[in-house]
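Q: Below are the sequence and a predicted model for it; my questions follow.
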Amino acid sequence: MKRLWWRSVVAARYLSARLGARHDHYRRVCNVCGYEGYFGPAGGGLRMDVKCPRCNSAERHRLFKLWLDANADRIAGSEVLHFAPERGLAGLLKPASKRYVTGDLAPGRGDLVLNIEAIDLPDASFDVVVCSHVLEHVDDQKALAELHRVLRRGGLALVMAPVIEGWAHTYENAAMRSPRERTLHFGQHDHVRWYGADIRERIRAAGFALSEFTAEGPDVFRLALLPGEKIFLAEKR
């Protein structure tokens, strides 16, 4: 029975990968590179119609570009610190900013080796901090306090993370330590929580004023975005 089930999973992955390469019903647009046509699969073939075949942008990259196009003035002339830099976002931020610095805990992955829970930089060092899909990996209370500290007054933290809006409260379980347990409980082996709607309270508790950006209507389908996905705009006042 287990072998039969696994064969069905493999078959589904193979089929979705083939369909994702020639999905006749949904032509898309990539606002990152300008590609128009069919998107390919991601997540081992389980998520169809997601990835741009030209620049490899995923939903969150195209959502960020949508926000950036409407808010270019928030980046232009700014000094930007980008944690765990993804190529898709780095390519958008670097040419748009006055000074662009990347940081990562792992050596060689950024300009600086930085621990987001204890950032080795002076207070009020940057105008903008980008933190995309990082908080679900770390002690977010410490990380958010540090993001607030290194921002200048009026500065902006752009935060993205997986959120289950139907959950009022974030799910954490310190007993889940192994990669297998974390994958089961949090969706990925190196995640430590699933955020609920109270992610907003966590961001505000660090001292930020909070607003949100969500794509709506035709943009979601034209760009193949994840419906309801948000960019949290945390401002230091």
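A: Happy to help now that I have it.
Q: how many neighbours does the closest residue to H169 other than its chain neighbours have?
A: Nearest residue to H169, sequence neighbours excluded (CB to CB, 6 or more residues apart in numbering): G196, at 4.8 Å. From N, CA and C alone the C-beta is placed, and that goes for glycine too. Using other CB atoms under 10 Å, G196 is surrounded by 18 other residues.
Q: what does stretch 227-237 contact?
A: Stretch 227-237 has contacts (CB atoms under 8 Å, 6 or more residues apart in numbering) with 59-60, 63-64, 67, 144, 147-148, 151-161, 163, 165, 199-200, 203, 206-215, 220.
Q: wait, isn't the residue nearest to H169 in contact with I164?
A: Yes. Applying CB atoms under 8 Å, one finds G196 in contact with I164, separated by 5.8 Å.
Q: and the gap between L89 and Y26?
A: 24 Å (CB to CB, to the nearest Å).
Q: Between those two, which is the more surrounded one?
A: L89 (24 against 12).
Q: Help me confirm that that one comes into contact with F64.
A: Yes. In this structure, L89 is within contact of F64 by CB under 8 Å, at 5.9 Å.
Q: For this protein, give me the ranges with low pLDDT.
A: Where the chain drops to pLDDT under 70, the residues are 1-25, 44-46.
Q: Show me what the longest strand along the chain is packed up against.
A: Secondary structure assigned by DSSP state E gives strand 151-160 as the longest strand of the chain. Contacts defined by 3 or more CB pairs under 8 Å, 6 or more residues apart in numbering; DSSP states H and E place strand 151-160 against helix 59-70, strand 126-132, strand 230-236.
Q: if you compare the ones you listed, which one is most tucked away?
A: Greatest average neighbour count among these goes to strand 126-132 (a mean of 24), per mean count of other CB atoms under 10 Å.
Q: okay, the angle between that one and helix 59-70?
A: 150 degrees (axes from the mean of the first three to the mean of the last three CA atoms, to 10 degrees).
Q: Can you give the strand pairings for strand 126-132, parallel or anti for each?
A: strand 79-83 (parallel), strand 151-160 (parallel) (DSSP bridges).
Q: Good, we can wrap up now.
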